[in-house]
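Visitor: Give the three-dimensional model of this entry:
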Amino acid sequence: MNKLSANELVDRENHAWKELKELLEQGENTYTYVPAQLETGEDTLYQLQVSTRSYLGAVAYETQGIVVDHGWITLLGAGGESVHGSLTSWNGLSAQPAVQALPGMMVVAYDVAGGFFALDTGKFGGTGQIHYFAPDALEWESTELSYSEFMTWLAEGDLQLFYETFRWNGWQEEMAQLETGHVLAYYPPLWTKEGGGKSSSKTPVHITEAWKTALEAK
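Guide: Reported below is the predicted structural model:
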């Protein structure tokens, strides 16, 4: 099957970026992003074979990535200095992989607690829904959200409730001090009875260390 060119995948009449940006701006949760380099955005679209009429295509083409909720969640885009890796380098579509790809899953975001969000492209039946690798359960759990619904949740959802057991008082200040590509290792770990946002000590580790745990999960 012939691949569509980047030019064919940039849908200028139905580009989803304007709608997505409005969604993020009107949402309760903070977000920041750095625009993608044009050539990198085009290459990302081409490798993914998604159109900019979709939210996924818009993020891939327009941004290096998007950092949500004071830095708690990093959404992958075309890649650049502001994020570690990209939609292509996390998913086996790049000459310079950022991490080992996970067959049947397409990683789209990660969080500071060592959790990962990925589209099911075959691992769980190819539903196209976002699954979350939960660091407190060490397994992938379906969110039952499509990518566009996931973006709405990032903008408007109650992230504080979702991450209640992972967080602690003053976590926002610590997010500002984390280096790009780093997350927190909790000790005792979140999956233990003693582990938790308020009870565990936290040490910055590179995202690749946390990813090894997700790769081993069922």
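Visitor: would Y33 count as being in a strand?
Guide: Yes. Counting by DSSP: H, G, I helix; E, B strand; the rest coil, Y33 is found in a strand.
Visitor: Let me see the contact set for it.
Guide: 63-67, 77, 82 (Cβ atoms under 8 Å, 6 or more residues apart in numbering). Where you see a C-beta, it was placed from the backbone N, CA and C, and this is true even at glycine.
Visitor: how about a cut-off of 7 Å?
Guide: For Y33, the contacting residues are 63-67, by Cβ atoms under 7 Å, 6 or more residues apart in numbering.
Visitor: ok, the residues you listed vs Q96, which is closest?
Guide: Sorting the contacts of Y33 by distance to Q96 puts Q64 at the head of the list, at 15.3 Å, by Cβ to Cβ.
Visitor: Look up phi and psi at the closest one.
Guide: Note on Q64: backbone dihedrals following degrees, to the nearest 10 are phi -70, psi -30.
Visitor: show me what contacts it?
Guide: Applying Cβ under 7 Å, 6+ apart, one finds that Q64 lies in contact with 33-34, 36, 77-80, 82-83.
Visitor: Same question for K3.
Guide: Listed by Cβ under 7 Å, 6+ apart, the contact partners of K3 are 46, 49.
Visitor: what's the spacing between it and M105?
Guide: K3 sits 21 Å away from M105, going by Cβ to Cβ, to the nearest Å.
Visitor: Show me which of the contacts of Q64 is closest to Q177.
Guide: Proximity to Q177 was ranked across the contacts of Q64 by Cβ to Cβ; first place goes to S82, at 16.1 Å.
Visitor: pLDDT score for the closest one?
Guide: Predicted confidence (pLDDT) at S82: the value is 90.
Visitor: And for A95?
Guide: pLDDT recorded at A95 is 87.
Visitor: how near is the residue positioned nearest the centre of the chain to E173?
Guide: Nearest to the mean C-alpha position of the chain, counting by Cα atoms, centre = their mean, stands A109 at 0.8 Å. Here the distance between A109 and E173 works out to 22 Å (Cβ to Cβ).
Visitor: Tell me how many other residues surround L138.
Guide: Applying other Cβ atoms under 10 Å, we find 15 other residues in the vicinity of L138.
Visitor: So what's the residue count around the closest residue to T121 other than its chain neighbours?
Guide: Excluding its sequence neighbours, the residue lying closest to T121 (Cβ to Cβ, 6 or more residues apart in numbering) is M106, at 5.2 Å. Other residues within reach of M106, judged by other Cβ under 10 Å, total 24.
Visitor: Equivalent analysis for T213, please.
Guide: When neighbours are counted by other Cβ under 10 Å, T213 comes out with 16.
Visitor: Name the SS class of it, please.
Guide: For T213, the secondary-structure state derived from three-state DSSP is helix.
Visitor: what do you get for H131?
Guide: On the basis of three-state DSSP, H131 is classed as strand.
Visitor: For L87, give its distance to Y33.
Guide: In this view, L87 and Y33 are 14 Å apart by Cβ to Cβ.
Visitor: Then A16?
Guide: Taking Cβ to Cβ, one finds A16 at 15 Å from Y33.
Visitor: now do A101
Guide: 24 Å.
Visitor: same question, T143
Guide: Using Cβ to Cβ, one obtains 22 Å as the distance from T143 to Y33.
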